[in-house]
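Student: Predicted model, plus sequence, below.
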Amino acid sequence: QVQLVESGGGLVQAGGSLRLSCLGSGGTFFRYAMGWFRQPPGKEREFVAAISWSGGTTLYADSVKGRFTISRDNAKNTVYLQMNNLKSEDTAVYYCAARWINDYSVFRTSNEYPYWGQGTQVTVSS
């Protein structure tokens, strides 16, 4: 069973950048498909991006496509979310999630991920 800890959130001005990290421990990290989700204030959790265990397949929400990049370093047990050209509507608590997998699938719905981190706050000021 993997444990996940996010970091890298903070306050940034619109147009700025942040890189979130999610460190996994307690499991065979490279066998997990990973995802990033976010929950804006007063709204439901939504999909942001996903990556296969190898890093060869990625998937993005339309709202972040072209601005955010998901990547992973299995040697460091870490998945990243590089966020550029941030907008006020990107303000949310960001969560990483994991699902053990034995193929190259990626997943975009929260109920497909059994393991979650505690979240990190991203606030974008306009």
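Tutor: Good, I have the coordinates. Numbers count the residues shown, from 1 in each chain.

Student: Grab the nearest non-local neighbour of the most centrally placed residue in the chain.
Tutor: Residue closest to the average C-alpha location in the chain (Cα atoms, centre = their mean): W36, at 2.3 Å. Sequence neighbours aside, V48 is the residue nearest to W36 in space, at 4.3 Å (criterion: Cβ to Cβ, 6 or more residues apart in numbering). Every residue, glycine included, has its C-beta placed from N, CA and C.

Student: ok, that neighbour touching Q39?
Tutor: No: using Cβ atoms under 8 Å, V48 is not in contact with Q39, being 10.4 Å away.

Student: Neighbour count for these two, which is higher?
Tutor: Neighbour tally, V48 and Q39, criterion other Cβ atoms under 10 Å: the higher count belongs to V48, 25 against 15.

Student: distance of that one from F29?
Tutor: Distance of V48 to F29, given as Cβ to Cβ, to the nearest Å: 20 Å.

Student: for Q82, same thing?
Tutor: 19 Å.

Student: Compare these two (neighbour count), which wins?
Tutor: F29 (22 against 15).

Student: ok, the more buried one touching D73?
Tutor: No: counting by Cβ under 8 Å, F29 stays clear of D73, with 9.6 Å between them.

Student: residue contacts, D90?
Tutor: Taking Cβ atoms under 8 Å, 6 or more residues apart in numbering, we find D90 in contact with 38, 64, 83, 122, 124.

Student: Which of those residues sits closest to T109?
Tutor: R38 (14.1 Å; Cβ to Cβ).

Student: Which residues does the closest one form beta bridges with?
Tutor: Beta bridges link R38 to E46, Y94, judged by DSSP bridges.

Student: Now for it: which residues touch it?
Tutor: Each residue near R38 by Cβ under 8 Å, 6+ apart is listed here: 45-46, 48, 90, 92-95, 122.

Student: Give me the distance between it and T28.
Tutor: Applying Cβ to Cβ to R38 and T28 gives a distance of 26 Å.
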